[in-house]
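Sequence plus the predicted model coming up.
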Amino acid sequence: MKYAVLIYAEPDAHEAVGEEGFRSMFQEYMALTEDPRCLANGQLQPVETATTIRVQDGRTLTTDGPFADTKEVLGGYYIIEAANLDEAIEFGSRVPAARIKGGSIEVRPLVDR
Amino acid sequence: MPANPGAWLTVTARNRAIDRIRRERTLAIKTRQLEALGATVNEPEPEPDTDTVIDDERLELIFTCCHPALALEGQVALTLRALGGLSTEEIARAFLVTEETMKRRLTRAKTKIKQAGIPFQIPDAHLLPDRLDAVLAVVYLIYNEGYSGRVDLAAEAIRLCRLLAQLMPDEPEVHGLLALMLIHHARRHARFAGRELVLLEDQDRSLWDAQEIATGRRTLDRAIALRGRGPYVLQAAIASLQSANPIDWSQVAALYGQLAHTTGSPVVELNRAVALAQAGHTEDALVLVDRLRDELGDYQYLHSTRAELLRRLGRAEEARAAFERALALARSEPERRFLERRISELK
């Protein structure tokens, strides 16, 4: 099964652990991309760079940000191939954001096509 | 090459997992026997028949139903439905929710197992303890559904718990729960006279299964030797005290106090009130019960307890009203008849 492993954290939460901690977490993120189960991955630019699009009555409306009320924002993702949810949870539990303050990992199965 | 490689692989993987768990269990037993040489906790339990495929499949099923990725209420409902064979309506009643709510809960849990790929397997050894809490809650709820008359379910819960105790011999709460259920189960024949409900204090103790109580107490000793102080161990200790003659109700109330502290449960507080009343503090008990009325307003036993306290205090009119409130909420026939008897005695 394919799963999306979505990484949520408060902006700058990773940097807040200090330079050395940040470097070692970055290594962990990179190591996960080398895991044979990892099919794709991506790190998102900060939420300040986001643009939201809506189409109403044929007109495209764009607005700055989402800047939702929630403090946690989507910061990146892995797409993995795992035998079952336990394996996906095991992968997700190794993502650094899972253990930093205010951070969390959402694991969600992809629709099988 | 086997005829059906897929099925063969699954079975092999499962057998390997079980073999590993068994090896670790044997090692754990040996280690403990070395440590506890001469202690009283070593008397071996009769071995349940874990070697059949059906038992292994039941364990796989119970761990799947109790997967932490499911909402706890969904885990409990699903296991009762899949392993306990209860109807949705019976499960709803056990949880004080409507049948419609329970149906949604079950559907949601089943859909998630399928769509999120929750595996049908006994969890890896390092995950077993984490999965335990929900499993034990489920087993205890199956037992409680059997407690009001469905003895087959109570025996089923005890059987499941014995299996768990074998799989996880070092978990005190498993032994605690097993002890608790055994001691309660030993009193099952004394709980009814014909079809009428008999309260603990009025029970004919010669009808208690002395051997089962002894087994329960040995199991409790083992849990305590494993340094168990969790909710099930505490409840087993209470059940053990209540099987003594005379019953030390102050001690029982104190243990309920500890249990309430651990669990924060208003139902436990209600039980503490009962113990206080039995220890002679009827007024204190009533104050405590009245404090719980907001939280347990729809709980039959709050009203029956309150009614009994009011009756003992000679406040017949209020007692009758409270018994009637309990009667309106009661589902089990023997309990209904018991309440009706009390009401007519007060007229």
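Structure's in. What do you need?

Tell me which helix or strand comes right after the longest helix seen in chain A.
Of all the elements of type helix in chain A, the one with the most residues (DSSP state H) is helix A:19-34. Toward the C-terminal end, the helix or strand that comes next after helix A:19-34 (DSSP states H and E) is strand A:38-43.

interface residues of chain A facing chain B?
A:Met1, A:Tyr3, A:Ala82, A:Ala83, A:Asn84, A:Leu85, A:Asp86, A:Ala88, A:Ile89, A:Arg108, A:Pro109 (C-beta under 8 Å from any C-beta of the partner chain). For the C-beta atoms, the positions are set from N, CA and C on the backbone; glycine is no exception.

Next step: the residues you listed restricted to helices.
Filtering the residues of chain A next to chain B for membership in helices, criterion DSSP H, returns A:Leu85, A:Asp86, A:Ala88, A:Ile89.

Pull the most distant pair out of those residues.
In those, the most distant members under the criterion C-beta to C-beta are A:Asp86 and A:Ala88, with 7.3 Å between them.

ok, the closest residue to B:Leu226 other than its chain neighbours to A:Gly18 distance?
Once its chain neighbours are removed from consideration, B:Leu226 has its nearest residue in B:Pro172; the separation is 3.9 Å (C-beta to C-beta, 6 or more residues apart in numbering or on different chains). Here the criterion is C-beta to C-beta, to the nearest Å. By it, B:Pro172 lies 41 Å from A:Gly18.

more neighbours, those two?
It is B:Pro172, of B:Pro172 and A:Gly18, that has more neighbours when counted by other C-beta atoms under 10 Å in any protein chain shown, with 19 against 8.

if I pick the more buried one, what's in contact with it?
B:Arg222, B:Ala223, B:Ile224, B:Leu226, B:Arg227, B:Gly228, B:Arg229, B:Gly230, B:Val233 (C-beta atoms under 8 Å, 6 or more residues apart in numbering or on different chains).

Next, work out how far apart it and B:Val233 are.
As defined by C-beta to C-beta, B:Pro172 lies at a distance of 6 Å from B:Val233.

just to revisit the earlier point, between A:Asp86 and A:Ala88, which one's more packed in?
For the pair A:Asp86 and A:Ala88, the greater number of neighbours falls to A:Ala88 (27 against 18), based on other C-beta under 10 Å.

just checking, the more buried one touches A:Tyr78?
No: applying C-beta atoms under 8 Å as the test, A:Ala88 and A:Tyr78 come out as separate, 9.9 Å apart.

Is the residue in chain B positioned nearest to chain A in a helix, a strand, or coil?
For chain B, the residue positioned closest to chain A under C-beta to the nearest C-beta is B:Pro119, at a distance of 3.8 Å. The three-state assignment at B:Pro119 reads coil, by DSSP: H, G, I helix; E, B strand; the rest coil.

for the one 4 residues further on, same thing?
Local secondary structure at B:Pro123 is given as coil here, using three-state DSSP.

how about it, what does it touch?
B:Pro123 makes contact with A:Asp86, B:Phe63, B:Asp130, B:Arg131, according to C-beta under 8 Å, 6+ apart.

okay if I get the contacts of B:Pro172 as TSV plus neighbour count?
Supplementary listing: those in TSV, determined by neighbours: other C-beta atoms under 10 Å in any protein chain shown:
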residue	neighbour count
B:Arg222	26
B:Ala223	27
B:Ile224	18
B:Leu226	19
B:Arg227	9
B:Gly228	22
B:Arg229	14
B:Gly230	20
B:Val233	23
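
okay, those in TSV with secondary structure, distance to A:Pro46 and pLDDT next?
As requested, those are arranged in TSV below (DSSP: H, G, I helix; E, B strand; the rest coil; distance: C-beta to C-beta, whole Å; pLDDT from 0 to 100):
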residue	secondary structure	distance to A:Pro46	pLDDT
B:Arg222	helix	56	96
B:Ala223	helix	53	96
B:Ile224	helix	55	94
B:Leu226	coil	51	95
B:Arg227	coil	49	90
B:Gly228	coil	50	89
B:Arg229	coil	48	89
B:Gly230	coil	46	91
B:Val233	helix	51	96
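
Of those, just say which sits nearest to A:Ala50.
Comparing these against A:Ala50 with C-beta to C-beta places B:Gly230 closest, at 47.3 Å.

what's near enough to touch the nearest residue to the closest one once chain neighbours are set aside?
With C-beta to C-beta, 6+ apart as the measure, B:Glu173 is the residue that lies nearest to B:Gly230, at 4.6 Å, once sequence neighbours are left out. Neighbour list for B:Glu173: B:Leu132, B:Asp133, B:Leu136, B:Ala223, B:Gly228, B:Gly230, B:Pro231, B:Tyr232, B:Val233 [criterion: C-beta under 8 Å, 6+ apart].

ok, B:Glu173 to B:Cys161 distance?
On the measure of C-beta to C-beta, B:Glu173 and B:Cys161 end up 10 Å apart.

overlap in contacts of the two?
Applying C-beta under 8 Å, 6+ apart, one finds that B:Glu173 and B:Cys161 are jointly contacted by B:Leu136.

Next, the nearest residue to B:Leu346 once chain neighbours are set aside: secondary structure please.
If you skip the residues right next to it in sequence, B:Leu346 has B:Arg320 as its closest partner in space, 4.5 Å away by C-beta to C-beta, 6+ apart. Here B:Arg320 is helix, with the state taken from three-state DSSP.

May I have the phi/psi pair for the closest residue to B:Pro266 other than its chain neighbours?
Closest residue in space to B:Pro266, ignoring its immediate chain neighbours: B:Glu295 at 4.4 Å, by C-beta to C-beta, 6+ apart. Phi and psi for B:Glu295, reported as degrees, to the nearest 10, are phi -80, psi -30.

How about the helix or strand hosting B:Ala214, which residues are buried there?
Assigned by DSSP H and E, B:Ala214 belongs to helix B:210-225. By neighbour count with 16 or more other C-beta atoms under 10 Å in any protein chain shown, helix B:210-225 contains the buried residues B:212-213, B:215-225.

Could you identify the helix or strand that succeeds the helix or strand hosting B:Lys103?
Secondary structure assignment for B:Lys103, by DSSP H and E: helix B:99-116. On the C-terminal side of helix B:99-116, the closest following helix or strand by DSSP H and E is helix B:128-147.
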